[in-house]
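S.K.: fold the following for me, if possible:
(chains A and B)
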Amino acid sequence: ETGVTQTPRHLVMGMTNKKSLKCEQHLGHNAMYWYKQSAKKPLELMFVYSLEERVENNSVPSRFSPECPNSSHLFLHLHTLQPEDSALYLCASSHGTSGSAGELFFGEGSRLTVL
Amino acid sequence: AQSVAQPEDQVNVAEGNPLTVKCTYSVSGNPYLFWYVQYPNRGLQFLLKYITGDNLVKGSYGFEAEFNKSQTSFHLKKPSALVSDSALYFCAVRDLNTGFQKLVFGTGTRLLVSP
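M.R.: Down below sits the predicted model:
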């Protein structure tokens, strides 16, 4: 069992659909992240939750809505997406204390295609 | 703002030869630097990190990286490349202005190791 699990691994949706991506971490971490990876672009940090509280939202369109019900689970709710939102969405977790320099642990990603 | 630059989109090397993947950084204060690897259709995997101490950092799969403060570089190296090392490599720096593990990633360098 990997430390960070993402489902589904692949998702195809129309622009009018509503779907959700799920992430679960089994590492006892207290911070979770959503990154977007598009071809030929740097990884974009979308959302950060620390101790279940959203601490950063990098000007992400409202058609992406995160939810963190507890420290082990993170969701990304999707609605009315655009074709340019097609990308690999990566979830990560870490020990979120300011004094540490621990690494991020990533899931395998959810490949999203918007038709 | 903290940033890293990976000047090469792709690096080609023959199996058995040494490899270097370049990374330069721009930070205020002491840098926390990371290397990650991404295999096809997978998430990012942590390779190694530099926080403080020895300038030569050893990591997973026989990789190492050399921190050079005067050149603001953190190049990834391996003495003898394997075909299985072919992947996408990301350099990252910790953004110290946040209370969590916010990493700023480079654009990635694709490593191709030929048999």
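S.K.: around chain A, which positions in chain B sit nearby?
M.R.: B:32, B:34, B:36, B:41-46, B:49, B:51, B:90, B:94, B:98-103, B:105-108 (C-beta under 8 Å from any C-beta of the partner chain). (Each C-beta comes from the backbone N, C-alpha and C, glycine too.)
S.K.: which of these fall within helices?
M.R.: Judged by DSSP state H, the residues of chain B next to chain A include no members of helices.
S.K.: buried ones among the residues you listed?
M.R.: The neighbour-count test (16 or more other C-beta atoms under 10 Å in any protein chain shown) marks B:32, B:34, B:36, B:43-46, B:49, B:90, B:94, B:100-103, B:105-108 as buried among those.
S.K.: so for stretch B:32-42, what's the average pLDDT?
M.R.: Mean pLDDT, computed over stretch B:32-42, is 92.
S.K.: okay, now the closest residue to A:Asn70 other than its chain neighbours: neighbour count?
M.R.: Of all residues beyond its chain neighbours, the one nearest A:Asn70 is A:Glu52 (6.3 Å), with distances taken as C-beta to C-beta, 6 or more residues apart in numbering or on different chains. When neighbours are defined as other C-beta atoms under 10 Å in any protein chain shown, A:Glu52 has 15 of them.
S.K.: now do B:Val27
M.R.: Quick note: B:Val27 (other C-beta under 10 Å) scores 18 neighbours.
S.K.: follow-up on the earlier one: for the residue nearest to A:Asn70, what are phi and psi?
M.R.: phi 70, psi 10 (degrees, to the nearest 10).
S.K.: wait, it sits on A:His73?
M.R.: No: checked against C-beta atoms under 8 Å, the pair A:Glu52 and A:His73 is beyond contact range at 9.5 Å.
S.K.: wait, doesn't B:Leu44 sit right on B:Phe34?
M.R.: No: B:Leu44 lies out of contact with B:Phe34 (C-beta under 8 Å); the separation is 9.8 Å.
S.K.: OK, contacts around the most centrally placed residue in chain B?
M.R.: Closest residue to the average C-alpha location of chain B: B:Trp35 at 3.5 Å, with C-alpha atoms, centre = their mean. The contact partners of B:Trp35, by C-beta atoms under 8 Å, 6 or more residues apart in numbering or on different chains, come to B:23, B:46-49, B:59, B:63, B:65, B:74, B:76, B:89-92.
S.K.: do you know how far it is from B:Ile51?
M.R.: B:Trp35 sits 13 Å away from B:Ile51, going by C-beta to C-beta, to the nearest Å.
S.K.: excluding chain neighbours, what is closest to the residue nearest to the centre of chain B?
M.R.: Distances taken as C-beta to C-beta, 6+ apart place B:Leu47 nearest to B:Trp35, at 4.3 Å, with adjacent residues excluded.
S.K.: how many neighbours does that neighbour have?
M.R.: When neighbours are counted by other C-beta under 10 Å, B:Leu47 comes out with 20.
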